[in-house]
Each structure stands twice: as C-alpha cells, then as structure tokens.
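1. sequence-free structure coming up:
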C-alpha cells in the first residue's frame with residue numbers, strides 16, 4: 001500500500017538525518033499523520049498544505065442539487081493505514097463514525113466525525129501542526145472537517161485560510177501560482193513562532209502532490 005510504503009520510507013530517512021520539519025501537500029497529507037506518530041521526537045512540526053481529506057470518506061463534488069457525496073472509505077478516519085488511537089483499536093471496523101446532521105455553514109460539506117466519546121490521537125498531540133487552505137481551492141468546502149476530526153481527537157491544529165490573512169484567489173496548486181512567495185511566508189512565520197530554531201532540524205517534503 002502506497003501510504004505504508006511512504007510512511008516507512010520517511011521514517012528511515014528521519015532516522016538517518018535526525019530532527020526535521022515535515023511538509024506535505026494533497027495526497028501525501030495522508031502520509032504525514034502516521035509519520036509524525038511513528039517518530040514524534042523527530043518530527044518537530046508537520047505542515048499540511050491542503051492534506052488528503054476529508055476524514056472517513058472521500059468527497060465527490062457533483063452538480064446541483066446534491067453537491068457533496070460520500071466516496072471511498074478511509075477506514076482509520078484520516079488514513080488507510082493504522083493510527084495510534086487511545087483507547088487502542090486493532091481493527092478499524094471497531095471505530096464508530098457519524099455524519100453531521102447539518103453543515104457548519106453554507107456551501108460546506110457535512111463532516112464525518114467519531115461517535116462520542118471519541119478516541120484520542122495521543123502521539124499527535126505534542127506535534128505543532130499547520131493546515132493551510134487556499135481561498136479558491138476545491139478543498140475549501142471540506143478542509144474544516146480535517147480540523148474538526150483532529151480537534152475531537154485532542155490534537156491542537158493551527159488552521160490558516162489564506163483568504164483570512166489577505167492572500168486571495170489561490171487554488172490547490174498554490175506553490176505554482178504567482179503569489180507563491182506570499183504563501184511560503186505564511187508557513188515561515190508560523191514555523192518561527194511554533195518551532196524553536198535550535199530544534200527544528202531540516203525540512204523534508206514527503207510523497208506525491210496529487
């Protein structure tokens with residue numbers, strides 16, 4: 001499985017190079033969570049630029065009137081590979097998920113979350129995490145679901161919507177757009193506040209950007 005292979009490869013790399021900041025984009029976002037869990041002492045920060053989502057089910061964007069439909073299952077909530085929930089669970093079928101009755105706002109998808117009481121993702125709770133979302137991206141209608149899922153599991157996340165900080169019009173491939181240096185500055189400023197310079201180590205980019 002590609003998620004397991006990328007997780008394991010990144011762990012080997014971290015063991016060789018030492019502490020690092022891990023940055024992912026899109027599909028590789030699903031690798032970031034298990035990498036940070038596997039080496040919490042080495043992943044000094046996790047930057048997730050529009051990570052693969054939303055939780056539990058992929059989202060199929062369709063036409064009116066039912067714009068959002070549930071797609072393929074993510075059996076571990078955020079991933080297809082095991083995550084370290086507490087209380088522990090060995091079989092993902094034991095995880096219980098429920099869908100919101102009502103969306104958090106107009107033009108937003110309804111989120112899938114854990115049924116309460118929610119299991120906690122303890123190994124992610126000490127890692128500084130940034131989720132970055134473009135104003136005009138197809139991720140925008142459901143990125144909040146990733147954040148809600150993590151927060152329900154006790155994980156503190158900084159969610160930055162570029163439009164809210166005055167950076168407008170970005171889509172999913174923001175690193176290729178004309179204002180990409182402004183986007184990079186947002187990440188740099190967050191890292192400066194969240195990670196002590198002496199402990200930051202290197203920066204590594206993981207996986208594919210699809």
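-> Structure's in. What do you need? The structure displayed is predicted, hence computed values, not measured ones.
2. give the contact list for the closest residue to residue 85 other than its chain neighbours.
-> Sequence neighbours aside, residue 119 is the residue nearest to residue 85 in space, at 3.9 Å (criterion: Cβ to Cβ, 6 or more residues apart in numbering). To be clear about C-beta, it is placed using only N, CA and C from the backbone, and glycine gets the same treatment. For residue 119, the contact set (Cβ atoms under 8 Å, 6 or more residues apart in numbering) comprises 85-87, 89, 95, 153.
3. Let me have the residues you listed in TSV, extended by neighbour count and secondary structure.
-> Shown next, in TSV, are these (neighbours: other Cβ atoms under 10 Å; DSSP: H, G, I helix; E, B strand; the rest coil):
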residue	neighbour count	secondary structure
85	21	strand
86	13	strand
87	8	coil
89	15	coil
95	17	coil
153	22	coil
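4. Out of these, which comes closest to residue 28?
-> Each of these was checked against residue 28 using Cβ to Cβ; the closest is residue 153, at 20.6 Å.
5. just the strands in this protein please.
-> 20-26, 43-51, 57-61, 68-73, 85-86, 97-99, 112-114, 120-121, 129-133, 158-161, 202-205 (DSSP state E).
6. Relative to the whole chain's centre, how far out is the second one?
-> When distances are taken as Cα atoms, centre = their mean, to the nearest Å, strand 43-51 is centred 7 Å away from the chain's centroid.
7. before we move on, back to that, quick check, pLDDT for the residue nearest to residue 85.
-> As predicted, residue 119 sits at a pLDDT of 98.
8. what's the residue nearest to the spatial centre of the chain in contact with, if anything?
-> Centrality entry for the chain: nearest residue to the mean C-alpha point is residue 51, 4.4 Å, by Cα atoms, centre = their mean. Residues near residue 51 by Cβ under 8 Å, 6+ apart: 24-26, 28-30, 32, 131, 146.
9. Go through the strands of the chain and pick out the most buried.
-> Comparing the strands of the chain by mean neighbour count (mean count of other Cβ atoms under 10 Å), strand 43-51 ranks first with a mean of 25.
10. Given it, what are its sheet partners and their directions?
-> strand 20-26 (parallel), strand 129-133 (parallel) (DSSP bridges).
11. Show me how far the shortest one is from its chain's centre.
-> Just to be clear, that refers to strand 129-133. That offset, for strand 129-133, works out to 7 Å (Cα atoms, centre = their mean).
12. likewise the longest one?
-> Shown here is strand 20-26, whose average C-alpha point lies 10 Å from the average C-alpha point of the whole chain (Cα atoms, centre = their mean).
13. Mean confidence (pLDDT) on it, please.
-> pLDDT averaged over strand 20-26 gives 97.
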